[in-house]
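**Student:** Here you go, sequence then predicted model.
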Amino acid sequence: MDDDDSARLDVDPLPRLPEQHRQRAVKRDEHLFLVGVEMAAPACVRRIAPHPRPRLGHLGGLGQRRGVARLLALVTGPLLPVEIRLVRHIPAHDTTIPSAPMAEPRPAALPPAERTIGQLVAESIRFYGEHFWECLALGIAPAIATVVSANVSQWTAIVLTATVFGALLSASYVYAGVLVLENVPVRRRLVAAWLCGWVAFAPVPFLVRAYVLPGLIWVAVFALLVPILVVEDVSVRAAFPRAWRLARADLVHQAGSLFTLAVVIFLTQAVLAFVLHGFGDAAVWVGYFLAGVVVSPLLFIGAALLYVDQAARVE
């Protein structure tokens, strides 16, 4: 079409008009509606596209004036429209291009009385992630025990584990109970919880050396002494029967949870220590120390959450 010609019924001034047909949406954009789109003005009388489709937005507010239409036809560049009418009530359509299903939300967690071992581990990881810096101090004592035990004789490691390391691990357990259970008792209760945790942990190295199963049973039965003394208002003498009662509520869940946490921590710590040793060219004990600091808090957090599960089962 020449610039001097006016638009007729069988002529579309293509350089002056956008495409009038609507394109289909892609990538699950079913709710994409056009509200207002600016377009170039056609070089024709009244500056309106010939035979536009119904409900197509077009210019408004420009009327025909004598001697103006033919002058506008000589303009080579597009002009900005004065007003764009709205396009409404456009029907939706089906998806044109298949796409991957949307990610489903995380299912709601079960109540503590029905929580499984896997969910207990998952809740421990979630709590650790939400309180990372507060919980990071829990891994210092296990990391020290791991590094020192690997560089001394076997009997020296057993004695240190039952005495010095037992006291440090019990202190970390008390701190984990305060963080997870959100209860800060008086200092006397904290000291009692620390001493009971130390006494309960002291026989474990000797039992494990004689036979692994008695050590595991001992830990499974008396693992909740510290949370009991942190949360409940009971005496030290009554805490031992209370721990046995909680263990009997679901001994398989309690022993399985502690065993699963120990396995997860051991494997993760070994892999992380190997990566740190190979990537940073550091000594082996440095890799194990850093891995122990990062991974070990899960054991204390999981044990504190286990008290919540067992208490809910008893009630």
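**Tutor:** Looks like it arrived, so ask away. Numbering: from 1, shown residues only.
**Student:** quick one: secondary structure of the residue nearest to F127 when sequence neighbours are not counted?
**Tutor:** Of all residues not flanking F127 in the chain, I301 sits nearest, at 5.6 Å (C-beta to C-beta, 6 or more residues apart in numbering). The C-beta positions use only the backbone N, C-alpha and C, and glycine is treated the same way. The three-state assignment at I301 reads helix, by DSSP: H, G, I helix; E, B strand; the rest coil.
**Student:** now I301: how far from D250?
**Tutor:** According to C-beta to C-beta, to the nearest Å, I301 stands 19 Å off from D250.
**Student:** If you count surrounding residues, which of these two has more?
**Tutor:** Neighbour count, other C-beta atoms under 10 Å: between I301 and D250, I301 has more, with 24 against 17.
**Student:** Any regions of the stretch 51-200 of the chain where pLDDT drops low?
**Tutor:** 51-108 (pLDDT under 70).
**Student:** residue ranges of the strands in it, please?
**Tutor:** In the stretch 51-200 of the chain, no segments count as strands under DSSP state E, counting those that start in this stretch.
**Student:** Name all residues that make contact with I140.
**Tutor:** Counting by C-beta atoms under 8 Å, 6 or more residues apart in numbering, I140 touches S172, V293.
**Student:** let's see it at 10 Å
**Tutor:** Contacts for I140 (C-beta atoms under 10 Å, 6 or more residues apart in numbering) come out as L168, S172, F289, G292, V293, S296, P297.
**Student:** Take those and keep only those in helices.
**Tutor:** When DSSP state H defines the helices, the subset of those inside them is L168, S172, F289, G292, V293, P297.
**Student:** just curious, which of the contacts of I140 is nearest to L272?
**Tutor:** G292 (9.1 Å; C-beta to C-beta).
**Student:** Check what pLDDT the closest one gets.
**Tutor:** pLDDT, G292: 87.
**Student:** For the ones in helices among the contacts of I140, I'd like a selection string for PyMOL - just the buried members, please.
**Tutor:** This is the PyMOL syntax for the buried subset of those, where burial follows 16 or more other C-beta atoms under 10 Å:
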select buried, resi 168+172+289+292+293+297
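**Student:** Which pair of the ones in helices among the contacts of I140 spans the longest distance?
**Tutor:** S172 and F289 (15.1 Å).
**Student:** quick one: low-confidence parts of the stretch 201-315 of the chain?
**Tutor:** 210-212, 277-283.
**Student:** Please, where are all the helices along it?
**Tutor:** Ranges of helices in the stretch 201-315 of the chain, per DSSP state H, counting those that start in this stretch, are 204-210, 212-222, 225-231, 236-249, 251-280, 284-295, 297-314.
**Student:** Which elements pack onto the fourth one?
**Tutor:** Spelled out, it's helix 236-249. helix 187-201, helix 212-222, helix 225-231, helix 251-280, helix 297-314 (3 or more C-beta pairs under 10 Å, 6 or more residues apart in numbering; DSSP states H and E).
**Student:** most packed of these?
**Tutor:** Each of the helices and strands packed on helix 236-249 was assessed for mean neighbour count using mean count of other C-beta atoms under 10 Å. The highest is helix 225-231, with a mean of 27.
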